[in-house]
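1. this is a predicted model, with the sequence first.
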Amino acid sequence: MTEPDKFKNMDDEIGLYDCPMPDTFKEKFGLTLSLAWMFYLGFVSRVIFGPLMPEIQKELGFTHLQSGYLFMMIGIGFLMAPFFSGFISSRINHLGNLKLSAWLLGVTLLPLIFVKTFWGMSIVLITLGFAGSLHLPSAVATITAEMQKSDWGKGMGVHQCGPPLAFISAPLLAALLLDSWSWRAILFGWALLSLISALLFTIFCEGGSFPGRPINLANVKRVAAIPSSWIITILLSMGVAASAGIGAMLPSFFVNERGVDLGSANTMIGCSQISGLLLVFFAGMAADRFGVKRCMLVTLIGTALLTIALGFATGWLLIMVLFLQPAFLTAFFPVAYGALARVVHPSSRSVISAMVPPMAFAVGAGVIPVVIGYLAESSSFSTGIIVAGTYILLGTPLVFFLRLGDFEGAPGC
């Protein structure tokens, strides 16, 4: 019996929820766009600490290793959310969970105006990671339930525009504003924008008005028993490592090891992400046309090789690699999240969406920055980046062992 077949006769065991009737991508474009905007706001709130970190280090006296630990705190917050996301969405529906995430995000950023210690900032970042992690499982469950399967690639492509937009705008915002604003003022301004967006989202958003699956021991065992659940976790962690993990330390790498001033470094990093934004939507369509696993393999291999090259390159070659890497990397995520929805029966989709991305983020955006920070102090930033790229390259064969089911017409959401 194949892994997806294990779920085909489970409806009597897990019960069925009233799910929305799937519509076309065109009919659900407004919903998908609003979810992408909230995802973008939350993603910027996390990745902007990379462009701001040299200034934070200067003011608060943090080491490179401590900076790496701060990014791990966001990952710890991500890991906490699965225990609550399904519980919350099962009671107030996915829409209620999405609204809660939006409000919590804006409120969490406000204390950063006053924080002056490593542990104080750590507590804030744990809460920030928790707030961001509440969004993703409900957003994935909403898109894949509200939209017909043939349009999942397009829907996830729009939603996954959030991260590449964040990787573009966060460094550019830092480069633009740091000359006249402090890092605290920038975060306060972003908090206000997040709170205004949360208000508008609460008033106007429709969709996701169905309950999620609470995470309990039985549901966890059911999902954890499928090897492909662990495979997709590792694959996603590799993508996160190349984006948020390395991106968090990249400004410090340019400033401390390549002799670039912070404004120029952030400008280059932000502009380099444009290539990823141009390809993210087409990646979803490519997955619908050429197949999920083939697209995942190509994008991961390209990402790994270019990440390794990033650690070796200097001068014009460094700039060229910096601009090429996001093109492969960003194209990976809509394909991977589409695969995530096909690993389990639709009735367990919200469970796996709550479990897998936080674990992947904790490794890719938590452990990897710590490793890079440690190697930056003991050896060099370049060594840390090369190690991260090697991790991605060694993990790419796992794509061949990924098993995806075809649950067209299966009940549950």
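-> Perfect, I can see it now. Quick caveat: nothing in here was measured; it's all calculated off a predicted structure.

2. I figured Arg91 hits Asn97, correct?
-> No. The pair Arg91 and Asn97 does not pass the contact test of CB atoms under 8 Å, sitting 9.0 Å apart. To be clear about C-beta, it is placed using only N, CA and C from the backbone, and glycine gets the same treatment.

3. which of the two has more neighbours?
-> Taking other CB atoms under 10 Å, Arg91 and Asn97 do not tie; Asn97 has more neighbours (30 against 12).

4. can you list the low-confidence ranges for the stretch 201-350 of the chain?
-> 213-214, 277-288, 290, 347, 350 (pLDDT under 70).

5. do you have the strands of it handy? List them.
-> Assignment of strands within the stretch 201-350 of the chain using DSSP state E, counting those that start in this stretch yields no ranges at all.

6. can you pull out the helices in it?
-> In the stretch 201-350 of the chain, the segments counted as helices under DSSP state H, counting those that start in this stretch are 217-224, 227-240, 246-257, 262-272, 274-290, 292-312, 315-340, 349-361.

7. ranking the ones you listed by mean neighbour count, which comes first?
-> Neighbour counts (mean count of other CB atoms under 10 Å) averaged over each of the helices of the stretch 201-350 of the chain peak at helix 349-361, with a mean of 27.

8. quick one, it and helix 315-340 angle?
-> Put simply, helix 349-361 runs at 160 degrees to helix 315-340, going by axes from the mean of the first three to the mean of the last three CA atoms, to 10 degrees.

9. helix 349-361 packs against which elements?
-> Secondary-structure packing of helix 349-361 (3 or more CB pairs under 8 Å, 6 or more residues apart in numbering; DSSP states H and E): helix 64-80, helix 82-109, helix 118-146, helix 217-224, helix 227-240, helix 315-340.

10. a markdown table for the helices of the stretch 201-350 of the chain, including distance to Gly389?
-> Putting those into a markdown table (distance: least, CB to CB, whole Å) gives the following:
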| stretch | distance to Gly389 |
| --- | --- |
| helix 217-224 | 29 |
| helix 227-240 | 10 |
| helix 246-257 | 8 |
| helix 262-272 | 16 |
| helix 274-290 | 17 |
| helix 292-312 | 3 |
| helix 315-340 | 9 |
| helix 349-361 | 17 |
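
11. Trp190: which of the ones you listed is closest?
-> Set against Trp190 and scored by CB to CB, these come closest in helix 262-272, at 15.3 Å.

12. how far does stretch 141-160 stretch from one end to the other?
-> 14 Å (CA to CA, to the nearest Å).

13. give the buried residues for that stretch.
-> 141-149, 151-160 (16 or more other CB atoms under 10 Å).

14. of the helices of the stretch 201-350 of the chain, which approaches Gly50 most closely?
-> helix 246-257 (4.1 Å).

15. what packs against that closest one?
-> Packed against helix 246-257, as judged by 3+ CB pairs under 8 Å, 6+ apart, are the following elements: helix 49-60, helix 64-80, helix 262-272, helix 368-378, helix 381-395.

16. quick one: it to helix 292-312, angle?
-> In this structure, helix 246-257 runs at an angle of 10 degrees to helix 292-312, with the same axes, to 10 degrees as the basis.

17. just the C-alphas of helix 246-257, formatted as PDB.
-> Written as PDB, here are the backbone C-alpha positions of helix 246-257 (Å, rounded to 0.1, in the frame of the first residue of the first chain):
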ATOM      1  CA  ILE A 246      21.800  32.800   4.700                       C
ATOM      2  CA  GLY A 247      19.900  36.000   4.100                       C
ATOM      3  CA  ALA A 248      19.900  36.800   7.800                       C
ATOM      4  CA  MET A 249      23.700  36.800   7.900                       C
ATOM      5  CA  LEU A 250      24.300  38.100   4.400                       C
ATOM      6  CA  PRO A 251      24.500  41.800   5.300                       C
ATOM      7  CA  SER A 252      27.000  41.100   8.000                       C
ATOM      8  CA  PHE A 253      29.000  38.900   5.500                       C
ATOM      9  CA  PHE A 254      29.200  41.800   3.100                       C
ATOM     10  CA  VAL A 255      30.100  44.400   5.700                       C
ATOM     11  CA  ASN A 256      32.600  42.400   7.800                       C
ATOM     12  CA  GLU A 257      34.200  40.100   5.200                       C
END
